[in-house]
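# Starting from these lines, generate the structure:
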Amino acid sequence: ACGGTHVRATGEIGAIALLRTEKMRRQTRVHFLCGGRVLEDYRQRRAVLGEIASLLDTHYENAPELVEKLQAQNRDLDRQLRGQQEELIAFRARALLESARQVGKVRLVAQAMRGLDPSALKVLASTLQAEPRTVALLCCESNGKGTAIFARAADVELNVGQLLRDVLSQFGGGGGGRPDFAQGGGMSAEALEAVLATAVQKTLEQI
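I've put the predicted structure just below:
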């Protein structure tokens with residue numbers, strides 16, 4: 001622990017601050033500060049705590065409790081937001097099904113979705129996939145790039161994984177997945193309408 005520095009008396013070390021311990025094989029490694037570094041560490045921590053308290057507009061002693069309250073409020077807001085997103089996706093799924101193109105016994109949904117990110121688009125595709133005799137060809141734009149998700153119900157004969165690879169390769173994108181659900185990207189947002197048109201054409205040739 002002395003690190004090669006020997007003192008004549010322990011008082012020369014000054015203050016010691018234990019930072020943390022960690023297991024190393026069968027031994028324990030101890031991280032600590034001593035001497036003037038303890039005071040410097042205290043000053044830095046006090047400054048950070050003071051800045052946090054200032055941002056929270058409270059005394060530093062109340063900062064931990066206030067942070068816990070803010071975290072709880074944030075979790076509640078996240079739950080509310082997820083609930084609203086689920087309701088919105090369910091509404092959009094119903095609207096898409098009502099306006100779907102009927103191809104024989106199959107409902108074909110092909111749409112570029114505005115205001116949805118890739119994760120929400122995936123939920124929407126899964127919702128449509130659960131509907132019988134349905135094929136969903138969906139895409140969205142995020143950060144200037146396009147995302148495409150193709151899905152089909154279990155009672156539809158169509159390999160959407162192969163379909164997605166064939167289509168996106170024509171537009172500089174790529175991806176893959178299962179025969180019933182596939183996702184890809186890499187193409188420009190401007191190409192989404194052309195991606196959908198190509199996917200629809202190939203789908204009509206196969207169902």
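
# Please make it C-alpha for all contacts and neighbour counts, starting now.
Noted.

# Surely residue 154 is within a helix?
No: assigned with DSSP: H, G, I helix; E, B strand; the rest coil, residue 154 falls outside any helix and is coil.

# Can you spell out which helices and strands pack onto the lengthiest helix in the chain?
Counting by DSSP state H, the longest helix found in the chain is helix 63-98. Using 3 or more CA pairs under 8 Å, 6 or more residues apart in numbering; DSSP states H and E, the elements in contact with helix 63-98 are helix 36-56, strand 106-112, helix 118-129.

# can you pull the buried residues of that helix?
Judged by neighbour count (16 or more other CA atoms under 10 Å), helix 63-98 contains these buried residues: 63, 66, 89, 90, 92, 93, 96, 97.

# Redo these as JSON lines? Include distance to residue 175.
As requested, these are exported to JSON lines (distance: CA to CA, whole Å):
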{"residue": "63", "distance to residue 175": "47"}
{"residue": "66", "distance to residue 175": "45"}
{"residue": "89", "distance to residue 175": "24"}
{"residue": "90", "distance to residue 175": "26"}
{"residue": "92", "distance to residue 175": "25"}
{"residue": "93", "distance to residue 175": "24"}
{"residue": "96", "distance to residue 175": "24"}
{"residue": "97", "distance to residue 175": "25"}
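
# Just send these back as TSV, with pLDDT and distance to residue 48 too.
Shown next, in TSV, are the buried residues of helix 63-98 (pLDDT from 0 to 100; distance: CA to CA, whole Å):
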residue	pLDDT	distance to residue 48
63	90	11
66	93	16
89	90	42
90	91	45
92	93	46
93	95	48
96	96	51
97	96	54
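
# got any ranges where the chain has weak pLDDT?
1-4 (pLDDT under 70).

# Which parts of the chain belong to which domain?
10-57, 87-206 (automatic domain parsing).

# Return the most buried member of these.
domain 87-206 (a mean of 18; mean count of other CA atoms under 10 Å).

# Grab the CA positions of stretch 94-107 and hand them over as CSV.
Taking C-alpha atoms only, stretch 94-107 is exported to CSV below (Å, rounded to 0.1, in the frame of the first residue of the first chain):
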residue,chain,number,x,y,z
ARG,A,94,-56.5,0.2,-37.7
ALA,A,95,-56.4,3.0,-40.2
LEU,A,96,-53.8,1.2,-42.4
LEU,A,97,-55.9,-2.0,-42.4
GLU,A,98,-59.0,-0.1,-43.4
SER,A,99,-57.3,1.5,-46.4
ALA,A,100,-55.3,-1.6,-47.3
ARG,A,101,-55.1,-2.9,-50.8
GLN,A,102,-57.0,-6.1,-51.3
VAL,A,103,-55.1,-8.6,-53.4
GLY,A,104,-57.1,-11.8,-53.6
LYS,A,105,-57.5,-12.8,-50.0
VAL,A,106,-54.5,-10.8,-48.8
ARG,A,107,-54.5,-7.3,-47.4
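
# ok, residue 122 touching residue 148?
No: judged on CA atoms under 8 Å, residue 122 makes no contact with residue 148 at a distance of 9.2 Å.
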